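Asker: Generate coordinates for the sequence data below:
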Amino acid sequence: MACSSPSILLVDDEPGWLLSFETVLESEGMEDIVTESDPRRALELLAERSIGVLVLDLTMPQVGGEEILERCVRDHPEVVVVVVTALDEVETAVRCIKAGAYDYFVKTAEMQDLVQAVRRAMEVRELRCENRRLQTLLQNDQLNRPECFADIVTRSSRMRSMLHYCEVVAPSREPVLILGETGAGKELVAKAIHKASNRNGTFTAVNAAGLDDQVFSDTLFGHCRGAFTGASSFRPGLIERAKGGSIFLDEVGDLQESSQVKLLRVLQEREYTPLGEDAPRSTDARVIAATNHGEERLRGADGLRSDLYYRLSVHVVRIPPLRERPEDIPPLVEHFLSVAAAEYGKKPPSYPLELMTLLSAYHFPGNVRELRGMVFDAVSRHEGRMLSLACFREHIGREGAYAAETAAELGADPSLWLRETPVLPSLKGIQAQLIEEALRRAEGNQRIAASMLGVSQQALSKRLKRARGDEAEEG
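Answerer: Predicted coordinates for the structure are as follows:
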């Protein structure tokens with residue numbers, strides 16, 4: 001079964017109605033519409049062409065619509081059927097829905113209602129295809145087009161599952177919402193989705209953070225001459241440049257509400273209005289949005305409008321933070337070492353085994369972007385054969401101090417757990433627990449554990465010897 005570029009098949013014995021409805025659908029931006037006034041040809045067309053939606057009349061000579069419906073559901077279950085007939089009978093409608101029709105309309109209904117029914121049927125068909133592709137990919141555990149995701153370096157099973165999902169939803173026209181912390185690689189994932197979508201247009205990105213409504217409208221939709229002071233000529237917006245392609249809206253959670261309303265119209269009606277113009281323009285650009293806000297905040301009072309959130313989140317991609325996939329640290333370090341060495345005109349340096357232990361114990365608030373910056377800084381300062389750990393320790397120390405200051409400014413109380421403990425532990429007990437946890441995170445490496453605790457390796461070693469001596473005396 002082909003899921004790409006399906007046709008819309010209209011079957012009715014009234015040529016005048018077929019022409020009228022075909023014209024309306026084309027004016028709404030729908031393409032590849034096939035009309036047939038001979039019901040005997042309907043089943044042949046279903047077998048010969050890739051049909052996504054069948055709009056079917058019931059009362060026709062030679063072959064009745066209900067017979068075509070039954071055989072279509074049986075032989076072509078991927079086709080979504082919308083029944084449009086002159087019969088205004090509840091029993092007939094119920095019978096058709098039970099037989100497998102997606103929707104039922106009487107010809108006296110508003111034409112716009114019929115158009116929306118066809119649009120919804122196309123979306124349902126698309127979702128069915130995506131579910132089928134997802135099942136195939138999960139069974140194979142292989143990407144069909146790994147070249148589209150070559151820029152994403154990973155060994156993580158969670159990341160691999162995320163990339164499978166991205167490949168499945170890539171051909172869809174529906175928006176994608178990418179959730180991930182700062183530096184997690186949201187734009188990289190968005191570009192991969194665009195590459196896997198087979199869209200002919202370009203990938204266009206805009207950061208929505210800090211844009212007021214007029215700047216957002218001008219950036220996205222453009223303006224005509226005289227729209228405002230200084231607008232001396234027509235300037236197309238980014239959504240026009242993304243025609244036939246994808247437009248990436250980063251930090252969409254920071255949009256003002258007035259801008260959210262305009263974006264919602266783009267998603268629902270696939271149209272926009274440049275500043276200074278009255279007539280709307282249509283767009284086929286696929287919207288990919290991203291935010292570093294968590295889902296709870298995004299759906300809260302200070303987040304997105306609920307209607308925009310649900311329209312954006314047809315497909316949701318969640319990028320796990322780097323601290324939750326430490327297995328990705330070694331390949332990322334290797335990758336960034338090669339890239340940085342090439343940029344600085346040096347040979348890729350070797351590194352001590354301690355480096356991976358040190359990095360695996362770090363929480364990486366800046367995620368992959370932070371790791372890249374650490375490696376580039378280390379390579380730029382590197383002179384010997386072996387890469388030094390000093391700049392990595394320096395960076396981790398600065399971030400630890402910054403995190404402590406930030407927590408204090410926000411009123412965070414690290415001793416809160418002590419207040420909830422009925423019996424206070426001894427100083428010796430607290431020290432032993434801290435050392436034990438530091439050594440666990442450092443995988444037994446005393447040098448790294450000491451840097452976590454803010455003491456020298458010699459001081460930690462003395463404390464460990466003293467603790468062992470106390471245990472021997474107690475024994």
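
Asker: Run through the neighbouring helices and strands of the helix or strand that Ile97 is a member of.
Answerer: Of the helices and strands defined by DSSP states H and E, Ile97 is found in helix 90-99. Helices and strands in packing contact with helix 90-99 are listed as helix 65-75, strand 80-85, strand 103-106; criterion 3 or more Cβ pairs under 8 Å, 6 or more residues apart in numbering; DSSP states H and E. Every C-beta, even on glycine, is put in place using the N, C-alpha and C of the backbone.

Asker: Return stretch 197-216 as PDB; C-alpha atoms alone will do.
Answerer: Extracted as PDB, the C-alpha positions of stretch 197-216 are listed here (Å, rounded to 0.1, in the frame of the first residue of the first chain):
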ATOM      1  CA  SER A 197      10.000  14.300   4.800                       C
ATOM      2  CA  ASN A 198      11.000  14.500   1.100                       C
ATOM      3  CA  ARG A 199       9.600  18.000   0.900                       C
ATOM      4  CA  ASN A 200      11.000  20.000  -2.000                       C
ATOM      5  CA  GLY A 201      11.200  23.400  -0.200                       C
ATOM      6  CA  THR A 202      13.800  24.700   2.200                       C
ATOM      7  CA  PHE A 203      14.200  24.400   5.900                       C
ATOM      8  CA  THR A 204      13.700  27.800   7.500                       C
ATOM      9  CA  ALA A 205      14.300  28.600  11.200                       C
ATOM     10  CA  VAL A 206      13.300  31.400  13.400                       C
ATOM     11  CA  ASN A 207      13.700  31.900  17.200                       C
ATOM     12  CA  ALA A 208      10.400  33.200  18.600                       C
ATOM     13  CA  ALA A 209      11.900  34.100  22.000                       C
ATOM     14  CA  GLY A 210      11.600  37.900  22.800                       C
ATOM     15  CA  LEU A 211       9.700  38.700  19.600                       C
ATOM     16  CA  ASP A 212       6.700  41.100  20.100                       C
ATOM     17  CA  ASP A 213       3.600  40.600  18.000                       C
ATOM     18  CA  GLN A 214       4.500  43.000  15.200                       C
ATOM     19  CA  VAL A 215       8.100  41.700  14.800                       C
ATOM     20  CA  PHE A 216       6.800  38.200  14.900                       C
END
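
Asker: Go through it and flag the buried ones.
Answerer: Neighbour-count burial for stretch 197-216 flags 197, 199, 201, 203-206, 208, 211, 216 (criterion: 16 or more other Cβ atoms under 10 Å).

Asker: any idea which residue sits dead centre in the protein?
Answerer: When the chain is reduced to its mean C-alpha position, the nearest residue by Cα atoms, centre = their mean turns out to be Ile178, at 2.8 Å.

Asker: can you count the residues close to the closest residue to it other than its chain neighbours?
Answerer: Once flanking residues are discounted, Ile178 sits nearest to Ala290: 4.1 Å by Cβ to Cβ, 6 or more residues apart in numbering. Per other Cβ atoms under 10 Å, the neighbour tally for Ala290 reads 26.

Asker: So Ala290 belongs to a strand, correct?
Answerer: Yes. The assignment for Ala290 (DSSP: H, G, I helix; E, B strand; the rest coil) places it in a strand.

Asker: what distance separates stretch 183-198 from the middle of the whole chain?
Answerer: 8 Å (Cα atoms, centre = their mean, to the nearest Å).

Asker: Now that stretch: buried residues?
Answerer: Of the residues in stretch 183-198, those with enough neighbours to count as buried (16+ other Cβ under 10 Å) are 183-187, 189-197.

Asker: Could you export these as TSV, including pLDDT, distance to Arg385 and secondary structure?
Answerer: What follows is the buried residues of stretch 183-198, written out as TSV (pLDDT from 0 to 100; distance: Cβ to Cβ, whole Å; DSSP: H, G, I helix; E, B strand; the rest coil):
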residue	pLDDT	distance to Arg385	secondary structure
Gly183	95	30	coil
Ala184	95	33	coil
Gly185	95	31	coil
Lys186	97	37	helix
Glu187	96	36	helix
Val189	97	36	helix
Ala190	97	39	helix
Lys191	97	36	helix
Ala192	97	36	helix
Ile193	97	41	helix
His194	97	41	helix
Lys195	96	39	helix
Ala196	95	41	helix
Ser197	94	45	coil
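
Asker: Next up, the contacts around the residue nearest to Gln256 when sequence neighbours are not counted.
Answerer: With Cβ to Cβ, 6+ apart as the criterion, Gln256 has its nearest non-adjacent residue at 5.2 Å, and that residue is Asp213. Neighbour list for Asp213: 256, 258-259 [criterion: Cβ atoms under 8 Å, 6 or more residues apart in numbering].

Asker: Does anything pack onto the helix of greatest length in the chain? Which helices or strands?
Answerer: Identified as the longest helix of the chain according to DSSP state H is helix 111-140. Other elements packing on helix 111-140 under the criterion 3+ Cβ pairs under 8 Å, 6+ apart are helix 15-27, strand 51-56, strand 80-85, strand 103-106, helix 157-169.

Asker: Quick one: the strands in the protein, in order.
Answerer: Taking DSSP state E as the criterion, the chain contains strands spanning 7-11, 33-36, 51-56, 80-85, 103-106, 176-179, 203-207, 222-223, 235-236, 246-250, 271-272, 281-282, 286-291, 315-318.
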